[in-house]
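Enquirer: my questions concern the predicted model and sequence given below.
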Amino acid sequence: MIHFPRTLVCPVLLVSLVLFQSLGLRAQDVMPNVVVIFIDDLGYADIGPFGAKAYQTPHLDEMAKQGRRFTDFVTSTAVCSASRAALLTGCYHRRVGISGALGPTAKIGINPDETTLAELCKQKNYATACFGKWHLGLQKKFLPLQHGFDQYFGLPYSNDMWPFHPNFVDLPQDSPKRKNNYPPLPLFDGNEIVDPDVVGVDQAQLTTQYTERAVKFIEDNQDKPFLLYVPHSMVHVPLFVSDKFKGKSGAGLFGDVMLEVDWSVGQINAALKKHHLEDRTLVVFTSDNGPWLSYGKRAGSAAPLREGKGTMFEGGYRVPTLMKWPGKIPANSSCDELASTIDIFPTVAGMIGASLPQHKIDGYDIRPLMFGESDAKSPHTHFACYYKAGELQAVRDRRFKLVFPHQYRSLNGRVGTDDGRPISYDQNTAELALYDLKVDVGETCNVADQHPDVMERLMKYADEIREDLGDRLNNQTGSGIRPAGRAG
């Protein structure tokens with residue numbers, strides 16, 4: 001063994017320490033990793049920490065014990081593409097020009113002028129990956145690798161946008177309606193289609209494949225900071241599950257699929273633990289919107305919230321959310337303050353010291369809420385609830401929600417089947433109503449007459465939103481809307 005003189009060792013250590021600190025490389029300053037697990041159509045009551053009883057979610061239960069439940073966590077809207085655009089840009093979906101669910105023939109996608117969460121992390125040389133459903137445009141210019149992600153593997157849009165969609169699959173071959181059927185469903189690896197015709201046996205492997213890719217990405221990038229985005233295709237219908245979980249839940253196919261989703265979360269967290277990354281990794285588990293209730297037992301539950309996917313009642317856009325970061329986020333805790341998926345973007349920017357884009361965003365840095373700071377309040381004094389191509393249906397603050405008259409879909413107490421086919425919705429008309437969400441989360445009691453001051457304040461805010469983001473019913477286009485990207 002070579003022994004260095006003590007007189008030499010001390011100066012070397014001193015010089016090393018000075019260099020280490022001058023480069024900003026102190027141990028406590030190691031850049032944090034970010035993992036976002038984004039489930040499709042997951043209802044508020046579909047995981048154990050939020051009330052699920054019919055099946056077990058042990059890994060999500062453990063994540064809740066290690067971290068924090070967010071009980072008033074909302075999306076920008078209650079439908080797929082729009083919700084994902086909001087998450088990845090920190091903006092109301094209306095601001096970035098993405099509404100609804102983009103299909104295979106859509107001529108728009110995410111605009112290259114928008115800054116995504118991945119591009120934000122690229123400012124700090126993060127490794128970035130997206131494994132799962134993208135749904136922000138099919139053309140190459142819209143795909144993840146052109147928007148800050150180093151790796152991508154998954155479906156370009158929803159897994160029901162395929163030739164076996166229940167609206168078309170049983171029609172005669174010569175039926176005029178069959179022309180509206182979807183083309184074969186492709187699977188991408190990077191910018192290339194690796195399976196041009198995904199069928200049921202392929203879908204049954206997607207959750208496992210996304211998870212395996214995620215675990216390998218963590219292993220490959222354990223020595224550098226990374227952003228891992230896992231937007232699962234499940235539990236969007238049609239439901240598929242691998243053989244290892246088929247029939248194992250005792251709660252039907254939906255329960256089996258939830259077992260596999262829970263397993264996936266466990267695998268990702270186990271990989272972080274294996275590589276000693278837990279203490280410097282923020283893990284967020286949430287959903288794009290509430291359950292697709294017309295699919296009955298193939299859909300989840302929004303209880304105790306009203307309605308589900310496709311509406312801007314709480315069951316449509318309030319989603320079960322867990323966040324974990326040992327040593328930063330208080331264990332076994334809960335936050336009841338209003339927060340949103342649009343807050344993830346600016347929160348990560350604050351965490352890693354990245355610069356926000358020059359254009360306007362709508363989210364806020366919610367680290368005080370995440371970290372359980374004393375008396376931390378929601379930064380959202382108001383929140384705008386849009387759906388259906390720019391119709392302003394509701395606005396809210398930290399406590400109250402003002403709903404404007406509008407048409408919305410409902411089952412009106414009816415329950416769907418367990419055959420994978422949806423039942424038809426009724427069309428209801430919502431009245432002008434004010435709900436106190438702190439005491440009436442189910443939106444059952446109109447308290448407008450009791451709070452004229454709140455009505456006046458929220459009406460004024462709605463007028464400001466209409467000027468900024470428009471309102472189709474009022475023929476207002478909005479001065480703050482940026483265009484979506486265009487195909488071609």
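Expert: Received the coordinates, thanks.

Enquirer: elements contacting the helix or strand hosting Asp256?
Expert: Assigned by DSSP states H and E, Asp256 falls within helix 252-274. If you count contacts as 3 or more Cβ pairs under 8 Å, 6 or more residues apart in numbering; DSSP states H and E, helix 252-274 packs onto strand 33-39, helix 58-66, helix 206-220, strand 226-231, strand 281-287. For the C-beta atoms, the positions are set from N, CA and C on the backbone; glycine is no exception.

Enquirer: chain center to the longest one: distance?
Expert: It refers to helix 206-220. Counting by Cα atoms, centre = their mean, to the nearest Å, helix 206-220 is centred 18 Å from the centre of its parent chain.

Enquirer: now swap in the fourth one and tell me
Expert: A distance of 11 Å separates the centroid of the chain from that of strand 226-231, by Cα atoms, centre = their mean.

Enquirer: got the buried residues for the helix holding Asp256?
Expert: Neighbour counts over helix 252-274 (16 or more other Cβ atoms under 10 Å) mark 253-269, 271-272 as buried.

Enquirer: skipping its backbone neighbours, what lies nearest Pro172 in space?
Expert: Arg178 (7.6 Å; Cβ to Cβ, 6 or more residues apart in numbering).

Enquirer: ok, now Leu88?
Expert: Thr116 is the one closest to Leu88 (Cβ to Cβ, 6+ apart), at 4.6 Å.

Enquirer: number of residues surrounding that neighbour?
Expert: By the measure other Cβ atoms under 10 Å, the count of residues near Thr116 is 27.

Enquirer: roughly how far apart are it and Gln151?
Expert: 14 Å (Cβ to Cβ, to the nearest Å).

Enquirer: residues in contact with the closest residue to Glu391 other than its chain neighbours?
Expert: Computed as Cβ to Cβ, 6+ apart, the closest residue to Glu391 that is not its neighbour in sequence is Arg472, at 4.8 Å. If you count contacts by Cβ atoms under 8 Å, 6 or more residues apart in numbering, Arg472 has them with Lys388, Ala389, Gly390, Glu391.

Enquirer: got a ChimeraX select line for the buried ones in these?
Expert: A single ChimeraX command is used to select the members of the contacts of Arg472 judged buried by 16+ other Cβ under 10 Å:
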select :388,390,391
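
Enquirer: so Ala462: helix, strand or coil?
Expert: helix (DSSP: H, G, I helix; E, B strand; the rest coil).

Enquirer: pretty sure it sits against Val403.
Expert: No. Ala462 lies out of contact with Val403 (Cβ atoms under 8 Å); the separation is 10.8 Å.

Enquirer: tell me which of those two has more neighbours.
Expert: Remark: of Ala462 and Val403, Val403 carries more neighbours, 22 against 19, as counted by other Cβ under 10 Å.

Enquirer: for the closest residue to Asn412 other than its chain neighbours, give me its contacts.
Expert: Spatially, and ignoring its direct neighbours in sequence, Asn412 is nearest to Asp426 (5.2 Å; Cβ to Cβ, 6+ apart). Residues near Asp426 by Cβ under 8 Å, 6+ apart: Arg409, Ser410, Leu411, Asn412.

Enquirer: out of those residues, list just those in strands.
Expert: Arg409, Ser410 (DSSP state E).

Enquirer: same list, the contacts of Asp426, but as JSON lines with distance to Gln205 please.
Expert: Below are those laid out as JSON lines (distance: Cβ to Cβ, whole Å):
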{"residue": "Arg409", "distance to Gln205": "33"}
{"residue": "Ser410", "distance to Gln205": "35"}
{"residue": "Leu411", "distance to Gln205": "32"}
{"residue": "Asn412", "distance to Gln205": "38"}
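
Enquirer: next one: Arg178 relative to Val169, how far apart?
Expert: 9 Å.

Enquirer: actually, Arg399.
Expert: Taking Cβ to Cβ, one finds Arg399 at 46 Å from Val169.

Enquirer: quick one: which of the two has more around it?
Expert: Arg399 (15 against 12).

Enquirer: so the more buried one sits against Leu434, correct?
Expert: No. In this structure Arg399 lies outside contact range of Leu434 using Cβ under 8 Å: 10.5 Å.

Enquirer: SS state for Tyr386?
Expert: Counting by three-state DSSP, the backbone at Tyr386 sits in strand.

Enquirer: what sits against it?
Expert: Tyr386 makes contact with Ser76, Thr77, Tyr92, His93, Arg94, Ser99, Met312, Leu392, Gln393, Leu469 under the criterion Cβ under 8 Å, 6+ apart.

Enquirer: tell me the backbone dihedrals of the residue nearest to the fifth one when sequence neighbours are not counted, please.
Expert: Put plainly, it is Arg94. Spatially, and ignoring its direct neighbours in sequence, Arg94 is nearest to Leu469 (4.7 Å; Cβ to Cβ, 6+ apart). Main-chain torsions, Leu469, degrees, to the nearest 10: phi -120, psi 0.

Enquirer: cool, and the one 3 residues further on?
Expert: For Arg472, the backbone dihedrals are phi -60, psi -40 (criterion: degrees, to the nearest 10).

Enquirer: quick check: Asp170 is in a helix.
Expert: No. Read with three-state DSSP, Asp170 is coil and lies in no helix.

Enquirer: number of residues surrounding it?
Expert: 8.

Enquirer: ok, it to Tyr317 distance?
Expert: In terms of Cβ to Cβ, Asp170 sits 32 Å off from Tyr317.

Enquirer: one step back: between the contacts of Asp426, which is nearest Asp288?
Expert: Asp288 lies nearest to Arg409 out of the contacts of Asp426, by Cβ to Cβ, at 17.6 Å.

Enquirer: dump the residue contacts of the nearest residue to Gly296 once chain neighbours are set aside.
Expert: The shortest distance from Gly296 to any non-neighbouring residue, by Cβ to Cβ, 6+ apart, is to Gly416 (2.3 Å). Counting by Cβ under 8 Å, 6+ apart, Gly416 touches Leu293, Ser294, Tyr295, Gly296, Lys297, Arg298, Ala299, Pro422, Ile423.

Enquirer: repeat that for 6 Å
Expert: Ser294, Tyr295, Gly296, Ile423 (Cβ atoms under 6 Å, 6 or more residues apart in numbering).

Enquirer: which stretches in the stretch 351-488 of the chain count as strands?
Expert: Taking DSSP state E, counting those that start in this stretch, the strands of the stretch 351-488 of the chain run over residues 383-387, 391-396, 400-403, 406-410, 426-430, 433-436, 485-486.

Enquirer: deepest in the core, which of those is it.
Expert: strand 383-387 (a mean of 25; mean count of other Cβ atoms under 10 Å).

Enquirer: and that one, which strands flank it?
Expert: On the basis of DSSP bridges, the sheet neighbours of strand 383-387 come out as strand 391-396 (antiparallel).
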